[in-house]
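Chemist: Structure for this input, please:
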Amino acid sequence: MVQATKTFEPSAKRRFRTEPASATLSTLLRSAAGKRGFAAAEIVTHWRLIVGDRLADCTLPERLRFERGGNEGGILEVRVDGPLALEIQHLEPQILDKVNSFCGFRAAGRLKITRGRVPPRKAPPAPLPAIPAAERAEIDRLVATIENDNLREALASLGRTMRARALRDGQR
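Modeler: Have a look, this model is predicted:
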């Protein structure tokens, strides 16, 4: 039987808890976005906020490219659904102004439009239905014996959410 020579030793800080994904997401996104040319990764993550819902549905920022040694007046490459490319070309000054206002400096000086398929926007999940009062009372009764208040409330909330999702998905 072959044994591994390396073992994972978690740091003392992380030993008894899991790290939330949101804590490391910005670091991972920054390195991945840096490889694609995004000095400000927030352009990708906040694109809908920058240009608005109407333009975000038909455009997707691909890359922000700077001249060698510079970090201002770059070329923002944007993928656009086919026939809307002409409209985006006419809106170039407004889009660049919005991007630069968001970044706080003149990050983009020109827009390069490429035609391509933009993935459709995910629909927001349907709201969870209210669970019947009898089921809510049953969940509260099941967790009533737990002494820790925070744990009791967390488990009750989990139970109510799971039951509401089951109702939404048609399970009885």
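Chemist: Can you tell me the centre-most residue of the chain?
Modeler: In the chain, the centroid-proximal residue (Cα atoms, centre = their mean) is residue 45; its distance is 6.3 Å.
Chemist: How much space separates that one from residue 96?
Modeler: 19 Å (Cβ to Cβ, to the nearest Å). C-beta here means a position set from N, CA and C on the backbone, and glycine is covered the same way.
Chemist: Just confirm residue 170 is within a helix.
Modeler: No: Residue 170: not assigned to a helix; according to DSSP: H, G, I helix; E, B strand; the rest coil it is coil.
Chemist: all strands in this protein, in order from the N-terminus.
Modeler: When assigned using DSSP state E, the strands of the chain occupy the ranges 59-65, 74-80, 108-115.
Chemist: among those, which is nearest residue 52?
Modeler: Of all those, strand 59-65 sits nearest to residue 52, with 10.3 Å by Cβ to Cβ.
Chemist: Which neighbouring elements make contact with the closest one?
Modeler: Packed against strand 59-65, as judged by 3 or more Cβ pairs under 8 Å, 6 or more residues apart in numbering; DSSP states H and E, are the following elements: helix 42-45, helix 47-51, strand 74-80.
Chemist: Dump it to CSV, keeping only the CA atoms.
Modeler: Once side chains and other backbone atoms are set aside, the C-alpha atoms of strand 59-65 remain, and they are given as CSV (Å, rounded to 0.1, in the frame of the first residue of the first chain):
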residue,chain,number,x,y,z
THR,A,59,-23.1,42.8,-24.1
LEU,A,60,-20.3,41.1,-22.2
PRO,A,61,-16.9,42.7,-21.3
GLU,A,62,-14.1,40.5,-22.7
ARG,A,63,-10.9,42.3,-21.9
LEU,A,64,-9.3,45.6,-21.0
ARG,A,65,-6.0,46.0,-22.8
